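Enquirer: coords please:
(one chain, ligands or ions: 2)
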Amino acid sequence: MSIQSVGIVGAGQMGNGIAHVFALAGYDVLLNDIAQESLDKAVATVTKNLDRQVQREKISEAGKDAALARIKTTMALPELGQCDLIIEAATEREAVKDKIFEALLPHLKPTTILASNTSSISITRLASKTDRPERFMGVHFMNPVPVMKLVELIRGIATDDETYQTMLGVVKSLNKTAASAEDFPAFIVNRILVPMINEAVYTLYEGVGNVESIDMAMKLGANHPMGPLELGDFIGLDTCLAIMHVLHDGLADTKYRPCPLLTKYVEAGWLGRKSGRGFYDYRGEKPVPTR
Ligand SMILES: CC(=O)CC(=O)SCCNC(=O)CCNC(=O)[C@H](O)C(C)(C)COP(=O)(O)OP(=O)(O)OC[C@H]1O[C@@H](n2cnc3c(N)ncnc32)[C@H](O)[C@@H]1OP(=O)(O)O
Ligand SMILES: NC(=O)C1=CN([C@@H]2O[C@H](COP(=O)(O)OP(=O)(O)OC[C@H]3O[C@@H](n4cnc5c(N)ncnc54)[C@H](OP(=O)(O)O)[C@@H]3O)[C@@H](O)[C@H]2O)C=CC1
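Expert: Ligands and ions are numbered 1, 2, ... in the order given. Okay, here's the model as predicted:
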């Protein structure tokens with residue numbers, strides 16, 4: 001099936017990055033959010049990141065302008081109904097995602113493919129509540145989307161081959177590489193990565209190291225581009241905690257128990273970079289550890 005128009009629900013860190021790469025690859029993008037402020041912020045972020053690509057001579061000024069012209073925004077979810085593909089990239093809460101799909105269903109073309117950018121939630125379960133489980137998939141981009149090469153593709157139990165092949169083609173058209181993952185909690189990347197971040201929080205909680213020493217240890221000792229606590233802040237601590245809950249509930253193994261300190265940070269609203277404070281405080285000139 002040919003895809004030309006893409007609707008994206010949720011204009012946060014992931015939604016803006018997904019809009020960016022689709023627009024740059026020539027797709028028409030319609031970006032939706034519940035807050036006009038989030039839509040405006042997303043367009044400003046895409047503009048800034050496209051400018052950065054122009055400065056580094058990755059794209060031309062004309063390419064940037066054409067990409068920006070392809071991105072439209074709307075707070076009216078039904079307007080996405082005419083898109084060939086809809087990617088849900090809203091907050092990592094199953095009830096939020098269910099409501100979005102429920103509201104979209106009456107407005108969709110019969111051929112529209114539904115996808116979720118969820119980091120961890122069962123694709124089979126999300127799909128089962130729609131009218132098209134065969135045309136529903138997990139399409140999991142990595143953060144920051146314009147930079148990261150990988151997209152995980154997750155088939156639910158009912159996803160048909162045509163949908164999977166279409167999405168493989170879409171990923172290729174974005175100049176990214178697909179990894180297929182089976183539909184089990186948190187798939188491949190987050191099954192491995194987020195327990196590591198959670199373990200780093202335990203390392204902090206138990207006083208084995210402080211924020212700086214833990215991050216420095218993993219950057220210089222394991223060649224990670226970011227320390228695990230810095231990466232948790234970058235992903236969003238609410239998202240990390242939600243993923244740990246999905247792993248803990250879905251695999252029923254205590255090795256996935258979320259660290260109480262991670263829970264405390266989320267309860268405080270210290271969600272990382274996006275809220276201005278997490279394991280680091282980002283409100284000043286440079287990040288300052290909060291422990
Ligand atoms: C939670 C989930 O469900 C799944 C996930 O996504 S898990 C998170 C996965 N992501 C990671 O692990 C990211 C780890 N961090 C990194 O790889 C790096 O720190 C980073 C790429 C984010 C930044 O790299 P850096 O070297 O510190 O910064 P910087 O030199 O500014 O950027 C490197 C390149 O990325 C580009 N870049 C960085 N952020 C960008 C953005 N948001 N948009 C566009 N380009 C961007 C820069 O322009 C630069 O490009 P060039 O190589 O052409 O010069
Ligand atoms: N952060 C990451 O590194 C990665 C995240 N993901 C996944 O991508 C998804 C989005 O994450 P991320 O972008 O980080 O989260 P953010 O918190 O940055 O963005 C979520 C956005 O969704 C909006 N939203 C909430 N409810 C609705 C709704 N009903 N309709 C439309 N928009 C809504 C939020 O609005 P408001 O702020 O007003 O609530 C917010 O703008 C999650 O499923 C996450 O697990 C996947 C890969 C990596």
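Enquirer: Show me where the stretch 151-291 of the chain has its strands.
Expert: For the stretch 151-291 of the chain, applying DSSP state E, counting those that start in this stretch gives strands covering 177-181, 280-281, 288-289.
Enquirer: So is the second one next to ligand 1?
Expert: No. Against ligand 1, strand 280-281 shows no contacts by C-beta under 6 Å from any ligand atom, the least distance being 14.0 Å. Where C-beta positions appear, they are placed from N, C-alpha and C, glycine not excepted.
Enquirer: Residues in contact with that strand: which ones?
Expert: Residues outside strand 280-281 that contact it (C-beta atoms under 8 Å, 6 or more residues apart in numbering): 211, 229-230, 233, 287-290.
Enquirer: Give the helix, strand or coil label for Lys72.
Expert: Judged by DSSP: H, G, I helix; E, B strand; the rest coil, the three-state class of Lys72 is strand.
Enquirer: correct me, but it touches Leu30?
Expert: Yes. With contact defined as C-beta atoms under 8 Å, Lys72 reaches Leu30; the gap is 5.2 Å.
Enquirer: Compare these two and say which one has the larger neighbour count.
Expert: Legend: neighbour count by other C-beta atoms under 10 Å for Lys72 and Leu30, higher for Leu30 (22 against 16).
Enquirer: For that one, give its distance to Leu39.
Expert: Going from Leu30 to Leu39 by C-beta to C-beta, to the nearest Å gives 11 Å.
Enquirer: Common neighbours of these two, please.
Expert: 73-74.
Enquirer: And the residue nearest to His107 when sequence neighbours are not counted, its phi and psi?
Expert: Excluding its sequence neighbours, the residue lying closest to His107 (C-beta to C-beta, 6 or more residues apart in numbering) is Gly81, at 3.0 Å. Dihedral angles of Gly81 (phi, psi; degrees, to the nearest 10) stand at phi -60, psi -30.
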